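A.B. asks: here is a sequence with its predicted model. Questions after.
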Amino acid sequence: MGPEKATEWHWDRPETALTLPSRYYYDRDIFEREAETIFYPSWHCACHDSEIESVGDFVKFDMLDQSILIIRSDDGSVKAFYNVCQHRGTQLIQERRGQIRRMIVCPYHAWAYKLDGSLRAAPRSETLEGFDPTQYGLKPVRCENYGGFWYVNMDPNATPVAEEFDGAVEAMSPFLPDLENLRFVEEVDYVVDANWKVITDNAIEGYHFKLSGPVHRELASLIDFDGYTLTANGKWWDFKGPPREVETAFGHPVAGQHYQTDWFYNIQLWPMTTIYAFPYADVVGTFNSIPIGPEKTLLRFGHYAPKSREPGDLSKAAIDWFNTQLGPEDIDLNLYVQRGLRSFGFDQGRYMIDAERGPNSEHLLHHFHVLIHDALTGKAPAPQRAAAE
C-alpha cells in the first residue's frame with residue numbers, strides 16, 4: 001500500500017465522519033512517518049523549571065532514537081543539547097535527572113564539555129593536526145519556557161512555543177494559579193502496549209466517564225458533568241468540569257484543604273503533553289504519551305506541588321488515587337482498544353459528535369485526528385531534522 005493510500009481518510013463533516021482507519025494505530029510505515037512529521041518537529045514538555053533550579057541540574061528527555069539534555073548552565077540560563085559525544089557518538093548521560101558538578105564527561109574517552117555545551121578537554125587532541133575544539137561542542141536543541149515548563153523541539157525552525165500554543169497559559173491560569181511556582185514531587189512511568197494515539201484518544205473525551213468503570217464514575221461524581229465542556233483551540237484544547245458541592249474527595253474530607261481549583265481541569269498541547277488539576281487537590285499533574293513503537297508507549301506521569309506549602313492529606317490521597325486507581329483503569333481501557341484495532345471485524349467507527357458539542361461528544365477526537373492526518377499528508381509544515389544540520 002502506497003503512502004497516500006495508507007493515510008487515506010475522509011473527515012470533511014465531523015457529525016457524519018468515520019474515525020481514523022485502524023491501521024493508523026499499528027502500521028509501522030505510518031508510525032515512522034509520524035516520527036518525521038510529528039514527533040521530532042513538535043514541542044514536548046521535558047520538565048518544570050524547578051527541576052533544573054541550580055547550576056548543573058539536568059533532565060534527560062528521550063524520544064525514540066533521540067536523547068536530549070536540558071541543563072542549567074553556569075550563567076543561570078537553560079540550554080538543551082543532543083545527548084551525544086562529538087568524538088564517536090557515545091551517549092553521554094543515562095540518568096533521567098541529576099546534577100553535573102563541573103563538566104559533562106563522556107564515559108568512553110573522557111571528552112569533557114562545559115555546561116554551555118562547549119568542548120573543554122579532549123585527551124591527546126593536542127597531538128592532532130588542525131584540531132579546533134570550538135568545532136566540537138555539543139549540538140544544540142531548541143528549548144523554550146512556557147508557563148513554568150521547559151519544552152524542547154528538534155526542528156530548528158519551529159514556531160516559538162508561546163506562538164504555537166497562543167492563549168494556553170491564559171486559559172490555564174485561573175485553574176492552575178501556582179503554575180510557575182511549583183516544585184517536583186514525583187514521577188511514575190508505565191510502559192503500555194498501545195499506540196500513543198489510543199492513549200490520547202481516551203484522554204480527550206468524556207463519553208466514557210460514566211460508562212467505563214467505577215473509578216471514572218467516581219471522578220464524574222465530583223463535578224457537574226452536565227456542564228463539562230471540551231473546547232478546541234488549534235494546537236491546544238482543554239476540557240473542564242464545574243464543581244459539585246461534595247463533602248469528600250478521594251476518600252478525604254474537603255473542608256479545610258488547600259487546592260489549586262475545585263474544578264476538574266485538563267489542557268492538552270499538541271501533540272502529546274497534558275497538564276491537569278483534579279478537583280480539591282493542591283497538586284498540578286502532567287502526563288506525556290511518549291511513543292516507543294507502533295504499539296508501545298511510555299506513559300509518564302508527573303506531579304508537582306506549590307513551593308509555598310506542603311500537599312495536604314487530600315492532595316496526597318489524590319496522587320495515590322490517580323496512580324493506583326484511575327491510571328490503571330485507563331491503561332486497561334487502552335489495552336482493550338489496541339487489541340480490538342487488530343481485529344478483522346473492525347476498521348472504522350462512528351464519532352459520537354452531537355450538534356451541541358456537549359459533555360459526551362467526541363468532537364475533540366475528530367479535531368486531534370485532523371491534526372494527525374494533516375501532518376502525515378503534508379498539510380502541516382515539513383520537519384527539518386536538527387541532528388543532520
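C.D. replies: Received it, and whenever you're ready, just let me know what you need.
A.B. asks: number of nearby residues for Arg120?
C.D. replies: Using other Cβ atoms under 10 Å, the number of residues around Arg120 comes to 16. Just so you know, the C-beta spots here come from the backbone N, C-alpha and C atoms, and that holds for glycine as well.
A.B. asks: pretty sure it sits against Ala112.
C.D. replies: Yes - counting by Cβ atoms under 8 Å, a contact exists between Arg120 and Ala112, whose distance comes to 4.6 Å.
A.B. asks: shared neighbours of the two, anything?
C.D. replies: Jointly contacting Arg120 and Ala112 under the rule Cβ atoms under 8 Å, 6 or more residues apart in numbering are Met103.
A.B. asks: what sits against the closest residue to Tyr113 other than its chain neighbours?
C.D. replies: For Tyr113, ignoring the flanking residues on the chain, the nearest one in space by Cβ to Cβ, 6 or more residues apart in numbering is Ile104 at 4.3 Å. Ile104 makes contact with 69, 71, 92-93, 112-115, 138, according to Cβ under 8 Å, 6+ apart.
A.B. asks: kindly reformat these as TSV containing neighbour count and distance to Arg124.
C.D. replies: Written out in TSV, the entries for these read as follows (neighbours: other Cβ atoms under 10 Å; distance: Cβ to Cβ, whole Å):
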residue	neighbour count	distance to Arg124
Leu69	26	25
Ile71	27	26
Leu92	22	19
Ile93	18	23
Ala112	15	13
Tyr113	25	17
Lys114	17	19
Leu115	23	24
Leu138	23	20
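A.B. asks: in TSV: these, plus distance to Ala171, pLDDT and secondary structure.
C.D. replies: What follows is those, written out as TSV (distance: Cβ to Cβ, whole Å; pLDDT from 0 to 100; DSSP: H, G, I helix; E, B strand; the rest coil):
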residue	distance to Ala171	pLDDT	secondary structure
Leu69	31	98	strand
Ile71	30	98	strand
Leu92	38	98	coil
Ile93	35	98	coil
Ala112	44	97	strand
Tyr113	39	98	strand
Lys114	39	97	coil
Leu115	35	97	coil
Leu138	35	98	coil
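A.B. asks: could I get the average pLDDT for stretch 269-283?
C.D. replies: Throughout stretch 269-283, pLDDT has a mean value of 96.
A.B. asks: over to stretch 198-218?
C.D. replies: Regarding stretch 198-218, the rounded mean pLDDT is 88.
A.B. asks: just the terminal-to-terminal distance for it.
C.D. replies: With Cα to Cα, to the nearest Å as the measure, the ends of stretch 198-218 fall 22 Å from one another.
A.B. asks: with stretch 232-248 instead?
C.D. replies: The first residue of stretch 232-248 is 31 Å away from its last residue (Cα to Cα).
A.B. asks: ok, and what's touching it?
C.D. replies: For stretch 232-248, contacts defined as Cβ under 8 Å, 6+ apart pick out 164-168, 171-172, 175, 204, 206, 221-225, 227-231, 253-255, 262-270, 279-280, 363-364, 367-368, 371.
A.B. asks: Pro133 reaches Ser125, doesn't it?
C.D. replies: Yes - proximity of Pro133 to Ser125 meets the contact threshold set by Cβ under 8 Å, at 7.0 Å.
A.B. asks: run through who's touching stretch 170-180.
C.D. replies: 49, 147-148, 169, 233, 236, 238, 240, 260-261, 263, 265, 267, 275, 277, 284, 306-308.
A.B. asks: in strands, which of those residues fall?
C.D. replies: Among those, the members falling in strands (DSSP state E) are 233, 236, 238, 240, 265, 267, 275, 277, 284, 306.
A.B. asks: show me how to select, in ChimeraX, the buried members of these.
C.D. replies: Those of the ones in strands among the contacts of stretch 170-180 that count as buried under 16 or more other Cβ atoms under 10 Å are selected in ChimeraX with:
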select :236,238,240,265,267,275,277,284,306
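A.B. asks: nearest to Arg97 among the ones in strands among the contacts of stretch 170-180?
C.D. replies: Comparing the ones in strands among the contacts of stretch 170-180 against Arg97 with Cβ to Cβ places Val284 closest, at 17.8 Å.
A.B. asks: can you tell me how far the closest one sits from Pro243?
C.D. replies: Val284 sits at a distance of 17 Å from Pro243 (criterion: Cβ to Cβ, to the nearest Å).
A.B. asks: what separation is there between the closest residue to Glu15 other than its chain neighbours and Lys240?
C.D. replies: The spatially closest residue to Glu15, leaving aside those adjacent along the chain, is Ile353, at 5.3 Å (Cβ to Cβ, 6+ apart). With the distance defined as Cβ to Cβ, Ile353 ends up 19 Å from Lys240.
A.B. asks: residues in contact with the helix or strand containing Leu219?
C.D. replies: Using DSSP states H and E, Leu219 maps to helix 214-221. Judged by Cβ under 8 Å, 6+ apart, the contacts made with helix 214-221 from elsewhere in the structure are 206, 208-210, 244, 246, 264, 278, 321, 325-326, 329.
A.B. asks: before we move on, back to that, looking at the ones in strands among the contacts of stretch 170-180, which two lie furthest apart in space?
C.D. replies: Looking at the ones in strands among the contacts of stretch 170-180 by Cβ to Cβ, the two members farthest from one another are Asn233 and Pro306, with 26.3 Å of separation.
A.B. asks: do you have the strands of the stretch 151-300 of the chain handy? List them.
C.D. replies: Listed in chain order, the strands of the stretch 151-300 of the chain (DSSP state E, counting those that start in this stretch) span residues 182-192, 229-233, 236-241, 248-249, 252-253, 264-269, 273-277, 284-293, 296-306.
A.B. asks: so which of these comes closest to Gln86?
C.D. replies: When the strands of the stretch 151-300 of the chain are ranked by distance to Gln86, counting by Cβ to Cβ, first place goes to strand 284-293 at 25.9 Å.
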